[in-house]
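S.K.: all I have is the shape, not the residue letters:
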């Protein structure tokens, strides 16, 4: 099927960021086309652990993450889709004296910022989580910590976007974007592997390739790329009932309703965006599994069914890049948040409001690409 010739808004990238922006725009009645260079949801979003944790985020993103979890929870109400959401609350653990100090400091800061988080006393911790290992010295609990199933969410969000009348077009790698600022209609001409589409507005939601797309519009912002590793186990009876993370950022684990456990934690694999290769680093994988088994010992009894790696684009300060692209009034970007999967619904909703009402754009918006302009 050919690409449509025109659209109100072309979104480049059919991962979580692109789809989270497309949903509110399509619901508002805009003619939206989402393009992806390969299959939709096939890169970072599909290779995500699905952890939605407030506790692990930088202080500047705490409120954003809580806002986003509320939107994750309302996906069924807002768009009639099932993203495999669960909100069991989360336990963030510390296993050394230094980590305990770090955890206590983090809890104080988050409480000062209005986040409902508490440092668990030893008896309360063991009562809530008797399945934790003896190496866990302290933990905090946040009722907001949640999860969604990336597999469910991808299919559901793609179907939801299409049900609202938007198009999701795959195998449509963008090779060039031409901008005619003198035109009063369809200023952008987007050249793809499947033809050309003209649009009034562009959204760069291309993840690890967001910097390349921005360069097509003579804009730039710094992009670093992680190669995150994830592991899933065989299904098992209920073993633990909370999302579990580590204060050192070296573990995330949860058990889904189907019994599988997904283990991550930011451990880096090998590969690069330029080559397209992403592989498991065996030594780091082993360390990830050792940390997981020391925090939740019963995990050591399960067989691993699959491990994989995926790209994640990150800005130097790990905060999202969201807003107008430099030098453009009608070209936008949403990319580069560490933990962007959890924050995307709120970021997409905020960006959609800017696009629908440009007067809402604030030059000092904390996530704006303008912060990188010297």
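M.R.: Here it is on my side, so go on. Everything quoted here is computed from the prediction, not taken from an experiment.
S.K.: what's the domain layout of this protein?
M.R.: Per automatic domain parsing, the structural domains of the chain span 6-46+151-223+317-372, 90-143+225-314.
S.K.: off-centre distance for the longest one?
M.R.: Using Cα atoms, centre = their mean, to the nearest Å, we find the averaged C-alpha position of domain 6-46+151-223+317-372 to lie 14 Å away from the chain's own average C-alpha position.
S.K.: quick one: end-to-end distance for that domain.
M.R.: For domain 6-46+151-223+317-372, the separation between the terminal residues is 32 Å (Cα to Cα, to the nearest Å).
S.K.: please begin residue numbering at 43 from this point
M.R.: In the new count, where the first residue is 43, that last one comes out as domain 48-88+193-265+359-414.
S.K.: so residue 322 sits against residue 348, correct?
M.R.: No. When contacts are counted by Cβ atoms under 8 Å, residue 322 is not listed as touching residue 348 (10.4 Å). (Glycine included, C-beta is placed from N, CA and C.)
S.K.: the two: which is more packed in?
M.R.: In this view residue 322 and residue 348 are compared by other Cβ atoms under 10 Å, and residue 322 has more residues nearby, 19 against 11.
S.K.: quick one: residue 308 is in a helix?
M.R.: No. Under DSSP: H, G, I helix; E, B strand; the rest coil, residue 308 sits outside any helix and is assigned coil.
S.K.: surely it meets residue 291?
M.R.: Yes. Using Cβ under 8 Å, residue 308 is in contact with residue 291, at 5.6 Å.
S.K.: okay, those two: which has more neighbours?
M.R.: Shown here are residue 308 and residue 291; by other Cβ under 10 Å, residue 308 has more neighbours (20 against 12).
S.K.: quick one: contacts for the more buried one?
M.R.: The contact partners of residue 308, taken as Cβ atoms under 8 Å, 6 or more residues apart in numbering, are 268, 270, 291, 292, 294.
S.K.: go again with 10 Å.
M.R.: Listed by Cβ atoms under 10 Å, 6 or more residues apart in numbering, the contact partners of residue 308 are 91, 98, 268, 270-271, 288, 290-294, 326, 330, 354, 380-381.
S.K.: which of these fall within helices?
M.R.: When helices are assigned by DSSP state H, the members of the contacts of residue 308 inside them are 326, 330.
S.K.: nearest to residue 258 among the contacts of residue 308?
M.R.: Using Cβ to Cβ, the shortest approach to residue 258 within the contacts of residue 308 belongs to residue 354, at 21.6 Å.
S.K.: show the pLDDT at that closest one.
M.R.: According to the prediction, residue 354 has pLDDT 89.
S.K.: what residues are bridge-paired with it?
M.R.: On DSSP bridges, the residues paired with residue 354 through beta bridges are residue 268.
S.K.: please name every helix or strand in contact with whichever strand or helix holds residue 274.
M.R.: Counting by DSSP states H and E, the element that carries residue 274 is strand 266-275. Counting by 3 or more Cβ pairs under 10 Å, 6 or more residues apart in numbering; DSSP states H and E, the packing neighbours recorded for strand 266-275 are strand 294-297, strand 303-306, strand 312-313, strand 320-321, helix 324-337, strand 346-356.
S.K.: the last one: which residues count as buried?
M.R.: Going by neighbour count (16 or more other Cβ atoms under 10 Å), the buried part of strand 346-356 is 349, 351, 352, 353, 354, 355, 356.
S.K.: present those residues as JSON lines; the columns should include distance to residue 125.
M.R.: As requested, those are exported to JSON lines (distance: Cβ to Cβ, whole Å):
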{"residue": "349", "distance to residue 125": "24"}
{"residue": "351", "distance to residue 125": "23"}
{"residue": "352", "distance to residue 125": "18"}
{"residue": "353", "distance to residue 125": "22"}
{"residue": "354", "distance to residue 125": "19"}
{"residue": "355", "distance to residue 125": "22"}
{"residue": "356", "distance to residue 125": "23"}
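S.K.: out of those residues, the closest to residue 115 would be?
M.R.: residue 354 (23.5 Å).
S.K.: the closest one contacts residue 85, doesn't it?
M.R.: Yes. Contact status for residue 354 versus residue 85: in contact at 8.8 Å, counting by Cβ atoms under 10 Å.
S.K.: circling back to that earlier point, for the strand holding residue 274, buried residues please.
M.R.: By 16+ other Cβ under 10 Å, the buried positions in strand 266-275 come out as 267, 268, 269, 270, 271, 272, 273, 274, 275.
S.K.: so who does the first one touch?
M.R.: If a contact means Cβ under 10 Å, 6+ apart, then residue 267 has 86, 249-251, 253, 313-316, 320, 353-356, 378 as its contacts.
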